[in-house]
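Trainee: Turn this into a structure:
(3 chains)
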Amino acid sequence: MSATDRNLLEVDNLTISYRVEDQWIPAVRDFRLRLQPGQIVGLVGESGSGKSTVALALMHYLSSNGRVESGGRLQFDDEDLLRKSNAEMRQLWAKRIKFVPQNAAAALNPSIKIGRQVMEVLKAAEGIDGHEAYSRMMQMFHDVNLVDPERVAERYPHELSGGMQQRVTIAMALISNPELLIMDEPTTGLDVTTEAVILDLVRGLISERDTGVVYITHNLGVVAQLCERVLVLYAGEIMEEASVLDLFQHPRHPYTLGLISSVPKPGQNKSAAQLQSIAGNPPALTRIPGGCVFAERCPLVIDLCRERKPPLETLGDGRLVRCHRWEEMEEGVLSSPPIPRPLVPPVNPPRLSGGVPQGGKGRKTLHPITSGGNWSGGNGQTLMQVSDLMKHFPVERNLREILGRTEPSPIRAVDGVDLQLRAGQTLGLVGESGSGKTTLARLIIGLEERSGGGLQLLGMDVRNSVRERSQDVLSKLQMVFQNPQNSLNPYLSVRQTIRRPLMKLRGFSAAAADAEALALLERVNLRAEYAERYPDELSGGEKQRVAIARAFASDPDLIICDEPVSALDVSVQSAVLNLLAALQDDHGSAYLFISHNLSVVGYLADTIAVMYLGQLFEVGEARELFQAPYHPYTEALVSAIPVPDPLHSSERILLSDDLPSAQNLPSGCRFHTRCPRKIGEICETDEPPWRQGDAGHLIRCHIPLEELTIAQSGLIPLDAVD
Amino acid sequence: MLQFLRRRFLFFFFTYLVSSLTIFFLLRVLPGDPARVIAGGREATEAQVAEIREELGLNASLPQQYLTWAADFLRGEWGDTIAFRGAVNRDLIIERSVNSARLALVALLLSVPLSLALGVIAGLFENKLPDILISLLTLSVVSLPEFVTGLFLINIVALRWGRSELAASLGWWFPSSSAVPANASFAEMLPFLWLPAFAATLVMLAYISRLTRAGVIEELKRDYVRTAALKGIPWRTVIWRHVLRNALLPTITVIAISISWLVSGLVVIEYVFGFPGLGSLLIAAIERRDLLLVQAIAMVTVTVILFANLFADVAYALLNPRVELA
Amino acid sequence: MKLETISRLYVAIKRTARSQLRHPQSAAGTLLVAFFLILALFGPQLAPHRNPNDQSHDVRVPPTLDLGALQLGEHPFGTDRLGRDVYSRVILGAGSIFRIAGLGTLISVILGSALGLFMGYQGGWVDEVIGRVIDALLAIPALLLALVLIGIIRNLDFAAGSWQAALADNVILLVISVLYIPIVARVARSTTLDIKTREFVEAAQIRGESQFYIIFREILPSVIPSLVVEASLRFSYAIFLVASLGFLGFGARPPSPDWGLMVNENRGGFYQLTPWALEFPALAIAILVIAVNLMSDGIRRAVQKGT
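Mentor: Down below sits the predicted model:
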């Protein structure tokens, strides 16, 4: 903590409007912020909350269709930024105030070498160039842990990985030793492993300097791990401001409470309890209600909330809250559910109550069939069996290969995967981007043709491509896609969208299909009037509900969910996860649930498979995945999760952020190039064996499980327990 | 990079093949007897037709005919002209091509810098007054058919207002090009080039400036522009160093495409101005049913355009660091 | 067409209209095009002299049009050297340019988008081969191809009433289609390629929908906006082309009241005798081309904003 009382940044009554079709719409209203040197203040909000607008307004850099309304104050050090001309702002931007953008790939000029782009900053900030600038840049590249900085300087942006690009933008921001840093979701879009590395880097770099940071994010976990104070933004207004500890332990605003409890924590599972969720959707900016903006979704709403907008009140301990009923919140009218501690192995593991249609069949576990490992077959009905599935994408030959008459090695996206899925179960599939998990899903659903291996559904071989599959197989397999934006045809109404599979795959008449479509809508908690709406009239969560209804329309046995909630806001995400769990109870459908988010997968899945570079490295029951022994890769993934609990601290296992190419795979164990627990040459030469732990838990590693357990125990989960 | 060049060259040869096949078969396969057409239509006697048939090798199989024709073209043996008795197609075409190339050169030198400038200005001031004026200009006056602007320049400027002092001096500075001899040197021809070149410029101006404008607007929206601006460097440096570099790169390709556009335009302009170029030769050849000459002109034109496109793509690839990915 | 489709269409048209109004130059362009369309449809009723080749008038009468007094007079645009009423000829000429350019655009858009949709959805070698052939065809300058085609077909002798003769009579329509089908196909193809990867198309594939259903029911609606823009662009180029061909003497044959032909017939030495006989048809071409350009620019803006 900085000892000074001096505020680096003081913002009051800041209202920012955007012009949309000849109308000025106040996107952010009455914003307030205090920031001291060396402090990291988090600004959390869902999409549409106005957080990115705030970020640019704090820079005093708004696009031509945006403006700051009069009456606001934006004071940086001794400077009144709102009175500054562009030329005066340029001097501040050059040296004292810096911005780290969200999408590093887009934020770097594609046709200028990295070195020139970075040195341009030094030229503008301090007027230095040439050798001096170059050595300063090398030092900065070293500080942000860029490997081989000389070569990075000679590269163009597209030649760097996403993590490296983000390091460059951070280097560009910090090289002039700024006093104020605005970071706008700098890790969004990066893999969780890369995110962990970048967060670590930011934390380290900031603590060395006396820079004040406003860190904007939608991720509560990141806030908990990084920030001292937090502002919660909703629909353009501050709901609450508090120290990170107070906020997470004693939220005073119902929205904050809802937000915190709707994020699944690592190890939390549907078998224990439903996720909390916030009903409804945020208001449209064009129709901001006169009273409290959260009233429509608030569990504590009273008439007063709809009539009068609550003021932003300062509480005794320096906290701010905008709620008529914060005193009752303090007394615990709405309490957050006890933070689940599923990481402590229960003496008697809670049995699933009604979670799965068939009871009393013992463990329902998935087992990979492997050449080395022997697997114990369960006694549940096998729904789907995947054996040695492969997808190799051919690569076009380059000139040397043409001249040498050699074939280029293909991209091995999926390279020998064995899986078994039992009826009514959820199999979670996790891995970084590029691990091949989406390709695996597309092979199973038939959108991609496999290069080798087999796929059986209910004991019958399933053909390669959807075009060759029978109606029966088609109706048994369905899919929910990642991007709700594109998953519904914009020119078909909700009713048309849902009734089509009913007519096509189940042979309903048009009238019967219409009736059934309404019933399906009800089951995904959408009112009947939604039937006549078009996708552009739906929110992201509503679109995903319609997509789920469409998937369930053919009454499938297996639904492949490819990142179904990753494009959704936290408060909406939990409701969709609950819906998926409830529908599974009713229909007994199995899910293949793919996500990069381990907590989400851990919540919904019965068993989890971890994928890396086209192969599985660990398979086990969901709860065992959050306990030692882990595969070293899983260990890194689990430790990288930003846990939304400020008291949680863990030693992160940081992986280098360059995933080997799937065209040029490492020999031996594919993970050896990044493995923090590599034991020696054997990892580079020999494929690791499958090792079997308790309850069908399988790990593919050269290290014996006992040794892994000893090395890893107490690392992450036990830490979270105390 | 090599990958890209290889693909590009393959495409060049393929395109050349397809367009030459098109030009060849258009004249051979369409209903009717080309020999009779060449011999002079219905009035020709059977003997004349048979003679021409023999002369052109029309009795061989079609693939055979194509190969002979293509080989002849590549060797520069383009046959004798019927329309211009006594001349050889090759000499005629080369002389006229040189003239057209001079006209095209002047038109390109006038239009490219001007239209890039207009496009960039319009893009930088999107939906503001300069942009509205420029787009009104490009959408209206300069997108008129070449013959309308051409006739305006000849008739109205030179003849109708010809009585005034101003027009008289205009007419002195910009003489009508119908008076120019086909074998004039570039220096002799230059005064005659301005008016037709100006007419050709107008159409290209609309085309190139609108594409440039779109490129600038698209680049201005990109995140890296914000990054550059927030470095605290002056806005004009942001534009010159960051935006224009990316926005103008595709214009290389656009200029190559506009050469193809220019060829069409020049046909009309040369006709209007009576300029002795390849375009007016083409019209004369078609009017006089000189099919061999038409074929040769078409092949020469296509060759020029394909090479222009090839050069543009290679230049684009060399200048653009991202093409390596393609 | 279903009721809901119609209502969607109505909303789209309303949005387009509103956006046109925000840009007065586009609105003016659209109104002018509508004006010319009326001339084209009702030309024979509106023209004072129904027969464009009525030579019964005095020759070389100067225009009687008086803009100041808002009076048309006997021969508003004068008469040409053969004594034909230029005003009537200009009005009657609107029909042919609209018919040829409009029909040509329509044919190109329908066939081109069908081809492009098929190529884009099918992908693979079919797409590769057709795509490359299209690229190669587009390398030949449009006017060159048009002139060569017309030159050849015109010079062939066909038996009257045969299909070849019918083809030769509509040679410009044929030329427009040959030139523009590949261009439209390319636009439709690239949009289809984009739409094809959207998840809602994959959802249809997973349902086992037929190719026909996927192309026309799932993909086509999303391609239509870009086709509308392309169609309006093609229409403006078609008018440009028809006028140019008429001028070069490769379009309508004399004594048809084709604007381009009228310009050509009255240039050179005749211009000094009857400048109005050249200037009014040229003006009509200029105004129509500008109006169509402004309209299509407005359509492009409206559609792009809508997506």
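Trainee: which stretch of helix or strand covers B:V314?
Mentor: Element membership of B:V314, judged by DSSP states H and E, is helix B:291-319.
Trainee: ok, so what distance separates B:L281 from B:R96?
Mentor: 5 Å (C-beta to C-beta, to the nearest Å). For every residue, glycine as well, the C-beta is placed using N, CA and C.
Trainee: Point out where the stretch 151-300 of chain C drops to low pLDDT.
Mentor: Within the stretch 151-300 of chain C, the stretches with pLDDT under 70 are C:155-159.
Trainee: near chain B, which residues of it?
Mentor: With C-beta under 8 Å from any C-beta of the partner chain as the criterion, the stretch 151-300 of chain C comes near chain B at residues C:151-153, C:155-158, C:164, C:240, C:243-244, C:247-250, C:260, C:263, C:267, C:271-272, C:275, C:278, C:282, C:285-286, C:289-290, C:293-294, C:297.
Trainee: quick one on the thing from earlier: the more surrounded of B:L281 and B:R96?
Mentor: Set side by side, B:L281 and B:R96 show more neighbours around B:L281, with 28 against 23, by other C-beta atoms under 10 Å in any protein chain shown.
Trainee: so who does the more buried one touch?
Mentor: Applying C-beta atoms under 8 Å, 6 or more residues apart in numbering or on different chains, one finds that B:L281 lies in contact with B:92-93, B:96, B:293, B:297.
Trainee: how about CSV for those, with distance to A:L33 and pLDDT added?
Mentor: Listed next are the contacts of B:L281 as CSV, based on distance: C-beta to C-beta, whole Å; pLDDT from 0 to 100:
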residue, distance to A:L33, pLDDT
B:L92, 79, 87
B:I93, 75, 90
B:R96, 74, 89
B:L293, 79, 86
B:I297, 72, 90
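Trainee: measure the residue nearest to A:R469 when sequence neighbours are not counted to A:P556 for me?
Mentor: In this structure, A:R469 finds its nearest non-sequential neighbour in A:R463, 5.2 Å apart by C-beta to C-beta, 6 or more residues apart in numbering or on different chains. As judged by C-beta to C-beta, A:R463 and A:P556 stand 17 Å apart.
Trainee: follow-up on the earlier one: please identify which pair of the contacts of B:L281 lies farthest apart.
Mentor: B:R96 and B:L293 (10.5 Å; C-beta to C-beta).
Trainee: Using the three-state scheme, assign residue 267.
Mentor: Looking at chain A here, since you left the chain open. coil (DSSP: H, G, I helix; E, B strand; the rest coil).
Trainee: Please refer instead to chain C.
Mentor: coil.
Trainee: That one reaches C:L278, doesn't it?
Mentor: Yes: in this structure, C:R267 is within contact of C:L278 by C-beta atoms under 8 Å, at 5.9 Å.
Trainee: quick one: which of the two has more around it?
Mentor: More crowded of C:R267 and C:L278, by other C-beta under 10 Å: C:L278, with 23 against 19.
Trainee: Specify the local secondary structure of the more buried one.
Mentor: Secondary structure, three-state DSSP: C:L278 is helix.
Trainee: How about the contacts made by it?
Mentor: Contacts of C:L278 (C-beta under 8 Å, 6+ apart): B:151, B:155, C:262-263, C:266-267, C:270-271.
Trainee: Any of the residues you listed buried? List them.
Mentor: Neighbour counting with 16 or more other C-beta atoms under 10 Å in any protein chain shown marks B:151, B:155, C:262-263, C:266-267, C:271 as buried within the contacts of C:L278.
Trainee: confidence score at A:E621?
Mentor: A:E621 carries a pLDDT value of 88.
Trainee: got it, and the one 3 residues further on?
Mentor: Confidence at A:E624, expressed as pLDDT, is 80.
Trainee: and the stretch 51-200 of chain C, which residues reach chain A?
Mentor: C:198-200.
Trainee: Now for those, which sits with the most neighbours around it?
Mentor: Most surrounded of those: other C-beta under 10 Å gives C:F200, at 23 neighbours.
Trainee: Was I right to think it contacts A:N483?
Mentor: No: using C-beta under 8 Å as the test, C:F200 is too far from A:N483 to be in contact (10.1 Å).
Trainee: which intervals of chain A have sub-threshold pLDDT?
Mentor: By pLDDT under 70, the low-scoring segments of chain A are A:1-5, A:335-380, A:398-402, A:650, A:657, A:714-722.
Trainee: For stretch A:122-135, C-alpha coordinates in CSV please.
Mentor: Extracted in CSV, the C-alpha atoms of stretch A:122-135 (Å, rounded to 0.1, in the frame of the first residue of the first chain):
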residue,chain,number,x,y,z
LEU,A,122,10.2,6.5,-26.4
LYS,A,123,10.6,9.0,-29.1
ALA,A,124,7.3,10.6,-28.2
ALA,A,125,7.8,10.4,-24.5
GLU,A,126,11.4,11.4,-24.0
GLY,A,127,12.6,12.3,-27.5
ILE,A,128,15.2,9.6,-27.5
ASP,A,129,15.9,7.2,-30.3
GLY,A,130,18.8,5.2,-31.8
HIS,A,131,21.0,3.1,-29.6
GLU,A,132,19.7,4.5,-26.4
ALA,A,133,16.1,3.8,-27.3
TYR,A,134,17.1,0.3,-28.5
SER,A,135,18.8,-0.6,-25.2
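Trainee: Would you mark the buried spots in that stretch?
Mentor: Buried residues in stretch A:122-135, counted by 16+ other C-beta under 10 Å: A:122-126, A:133-134.
Trainee: what do you get for stretch C:67-86?
Mentor: For stretch C:67-86, the buried set under the neighbour-count rule, 16+ other C-beta under 10 Å, comprises C:75-80, C:84-86.
Trainee: helix or strand right after the helix or strand A:A124 falls within?
Mentor: Applying DSSP H and E as the criterion places A:A124 in helix A:114-126. Per DSSP H and E, the first helix or strand lying C-terminal to helix A:114-126 is helix A:130-143.
Trainee: Follow the chain on from that next one and name the next helix or strand.
Mentor: Counting by DSSP H and E, what follows helix A:130-143 is helix A:149-153.
Trainee: so how far is the next helix or strand after that next one off the chain centroid?
Mentor: Of the helices and strands lying after helix A:149-153 in sequence (DSSP H and E), the nearest is helix A:162-174. How far helix A:162-174 lies from its chain's middle: 20 Å, per C-alpha atoms, centre = their mean, to the nearest Å.
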